[in-house]
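Trainee: I would like to see how this sequence folds:
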Amino acid sequence: MSKEQTMTVDWHAGPISRTTPLDKHYRNTQKVRQFLLSECGAAFKFDRGLMLWIKSGTPSTMGDVADEWLRRYG
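Mentor: Numbers count the residues shown, from 1 in each chain. Now for the predicted structure:
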């Protein structure tokens, strides 16, 4: 397990990249939105289905979240 995976992510102020692991403290913050806008484009928006999928435990990284949004809506 890498150092990044053992530390709690600061969803409000910390760096977010494709390899940032989703943890039990995940929050849909402005920082997360900025990351997903940069990965998915200006059309990105959170919706109930995506948020439920994130909370389901299926994705393990923020890259997985971006890829799923693009699969669904891109």
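
Trainee: Going by C-alpha atoms from here, please, whenever you check contacts or count neighbours.
Mentor: Noted.

Trainee: do you know how far the residue nearest the centre of the chain is from E39?
Mentor: Residue closest to the average C-alpha location in the chain (CA atoms, centre = their mean): M62, at 3.6 Å. Counting by CA to CA, to the nearest Å, the gap between M62 and E39 amounts to 10 Å.

Trainee: give the contact list for the residue nearest to the residue nearest to the centre of the chain when sequence neighbours are not counted.
Mentor: Leaving aside its chain neighbours, M62 sits nearest to R18 (5.0 Å; criterion: CA to CA, 6 or more residues apart in numbering). By CA atoms under 8 Å, 6 or more residues apart in numbering, the contact list for R18 reads T61, M62, G63, D64.

Trainee: Okay, now the unreliable bits of this structure?
Mentor: Segments of the chain classed as low confidence (criterion: pLDDT under 70) are 1-6.

Trainee: G63 belongs to a helix, doesn't it?
Mentor: Yes - the assignment for G63, made by DSSP: H, G, I helix; E, B strand; the rest coil, places it in a helix.

Trainee: Quick check: buried residues in the stretch of helix or strand R71 belongs to?
Mentor: In this assignment (DSSP states H and E), R71 forms part of helix 62-73. Within helix 62-73, the residues scored as buried using 16 or more other CA atoms under 10 Å are M62, G63, D64, V65, A66, D67, E68, W69.

Trainee: Excluding residues flanking it in the chain, which one is nearest the third one?
Mentor: The reference is to D64. Leaving out its chain neighbours, the residue that sits closest to D64 by CA to CA, 6+ apart is R18, at 7.6 Å.

Trainee: Dihedrals phi and psi, the one you found?
Mentor: Geometry field for R18 lists phi and psi as phi -60, psi -30, criterion degrees, to the nearest 10.
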